[in-house]
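Chemist: sequence isn't available, so here's the structure alone:
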Ligand code: GLN
């Protein structure tokens, strides 16, 4: 299959350069560079987020600082998909270093939402979501630190899975916030997203946080939901929820009940701690992880008379505004005088969030059903000037990230013609259960 409308070999540098105007890709593979190998993904195209290291194509993380950088090694997730016969179609646009919810923070221009080109595709894996939604590839790899696979999947009307932390190797995934980062999969269908996960998952000695867990095996779909206990967290379904989103989610709740599931409200009182805790911890980790971009080891260097000035100029010119904001906030949170008040407090909040989910799942709840986002895709430019409103986009996705739980978004229908996602959150390692429920929702909702 040759994907439609894309010229190969082009390295796109801005939205104007993108052949179809969507700007989903930053680089396209040469078709012959990835001849298919036999395997479960034989000959299938997979779009790969530009923070996963590939050998033939640049890995820029959507940053000027890594413009043109080609990795000397390959990410484990990419190697696994190639060994399974998959072919890397190209590298997808993203918010710089994964920091954002709209792909507007890419140094190479925003990606447009293929459903409505005046709207954002979500982020930070917006290029991967747009590539799948536009039909360039049936599946894509992304990364999810606080929602970056699930939220763009919801905005583009496709499926996005964030596995349990430790399920997929982070080797070759450029670090944003290491205790949260996880490679995730996007697909046109639940089956596509799940079979890509099946291929890329598994223990990897090259990632010290990779865990030897029971493997994820694609379940027989659709599975019976008879007796399955579905929890509806009151804090996600509160009075603040957009009425149109609520209506869609209630329809999903009812269809699960009709399929034999036992649906009941539950409470996760620590939910309100998630955003403040995440927006301390993620920048703190980022400020440390991004210290490696010094003009010496990776990517771009801006020369100066002496080394200190060279590092300053490289970082000042290489990083975009949001990345600088996060580095400053993170450095502040980790500074000696404020460490306990900010970083320490955020860590304690995170521990409580983990306990809260644990209590709910221990009480016999099998899976949680929530909205993926507060509303449908917003307009390009609508939130760029207001970082806090952008951060609040992550209110429903960040808690599962902090707890390391598997979570996914599945299309839940449309409001005003725009896709809405339902999020499922499962206990650690229970991706198969989550995928079964999603498949049932997909079968009933049928948003393609
Ligand atoms: N929007 C969130 C952030 O900016 C999540 C991004 C992500 O998951 N990479 O940090």
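Modeler: The structure has been received and is ready for your questions. From a predicted model like this one, the values you see are computed outputs, not experimental measurements.
Chemist: could I get the contacting residues of residue 260?
Modeler: Taking C-beta atoms under 8 Å, 6 or more residues apart in numbering, we find residue 260 in contact with 224, 225, 226, 227, 228. Glycine gets a C-beta too; all of them are placed from N, C-alpha and C.
Chemist: the chain: helices as residue ranges?
Modeler: For the chain, applying DSSP state H gives helices covering 76-83, 126-133, 150-156, 190-200, 243-258, 274-289, 307-318, 321-334, 345-362, 387-392, 398-402, 431-445.
Chemist: nearest approach to the ligand belongs to which of the ones you listed?
Modeler: Closest to the ligand of those, according to C-beta to the nearest ligand atom: helix 274-289, at 5.1 Å.
Chemist: quick one: buried residues of the closest one?
Modeler: By neighbour count with 16 or more other C-beta atoms under 10 Å, helix 274-289 contains the buried residues 274-275, 277-289.
Chemist: the helix or strand of the chain with the lowest mean pLDDT vs the ligand: in contact?
Modeler: Across the helices and strands of the chain, the lowest-confidence element by mean pLDDT, DSSP states H and E is helix 387-392, at a mean of 91. No. Figure legend: helix 387-392 not in contact with the ligand (C-beta under 6 Å from any ligand atom); closest approach 7.0 Å.
Chemist: check stretch 120-140 too.
Modeler: Yes. On the criterion C-beta under 6 Å from any ligand atom, stretch 120-140 is in touch with the ligand at residue 124.
Chemist: what is the rounded mean pLDDT of that stretch?
Modeler: Average pLDDT, stretch 120-140: 98.
Chemist: which positions in the stretch 251-400 of the chain make contact with the ligand?
Modeler: Checking the stretch 251-400 of the chain against the ligand by C-beta under 6 Å from any ligand atom, the hits are 282, 394.
Chemist: and the stretch 101-250 of the chain, which residues reach the ligand?
Modeler: 101, 124, 144, 145, 146, 147, 148, 176.
Chemist: which residue does the stretch 301-448 of the chain have closest to the ligand?
Modeler: Counting by C-beta to the nearest ligand atom, the stretch 301-448 of the chain gets nearest the ligand through residue 394, at 4.8 Å.
Chemist: OK, contacts around residue 230?
Modeler: 253, 256, 261, 262, 263, 264, 365, 366, 367, 368, 369, 437.
Chemist: with neighbour count and pLDDT as new columns, can these be given to me in CSV?
Modeler: Shown next, in CSV, are the contacts of residue 230 (neighbours: other C-beta atoms under 10 Å; pLDDT from 0 to 100):
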residue, neighbour count, pLDDT
253, 17, 98
256, 23, 97
261, 22, 97
262, 16, 98
263, 15, 98
264, 11, 97
365, 22, 98
366, 19, 98
367, 24, 98
368, 25, 98
369, 23, 98
437, 27, 97
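Chemist: keep only those of those that are in strands.
Modeler: 262, 263, 264, 367, 368, 369 (DSSP state E).
Chemist: the third one pairs with what?
Modeler: Residues found in beta-bridge contact with residue 264 (criterion: DSSP bridges) are residue 231.
Chemist: surely it meets residue 231?
Modeler: Yes. Contact status for residue 264 versus residue 231: in contact at 6.4 Å, counting by C-beta atoms under 8 Å.
Chemist: and the residue lying closest to residue 296 once chain neighbours are set aside, what is it in contact with?
Modeler: Using C-beta to C-beta, 6 or more residues apart in numbering and skipping the chain neighbours, the partner closest in space to residue 296 is residue 311 (8.0 Å). Listed by C-beta under 8 Å, 6+ apart, the contact set of residue 311 reads 294, 295, 296.
Chemist: cool, and residue 186?
Modeler: With contact taken as C-beta under 8 Å, 6+ apart, residue 186 is in contact with 125, 128-129, 132, 139-142, 149, 152-153, 158-161, 193.
Chemist: tell me the bridge partners for it.
Modeler: residue 140, residue 160.
Chemist: so what's it scoring on pLDDT?
Modeler: Residue 186 is given a pLDDT of 98.
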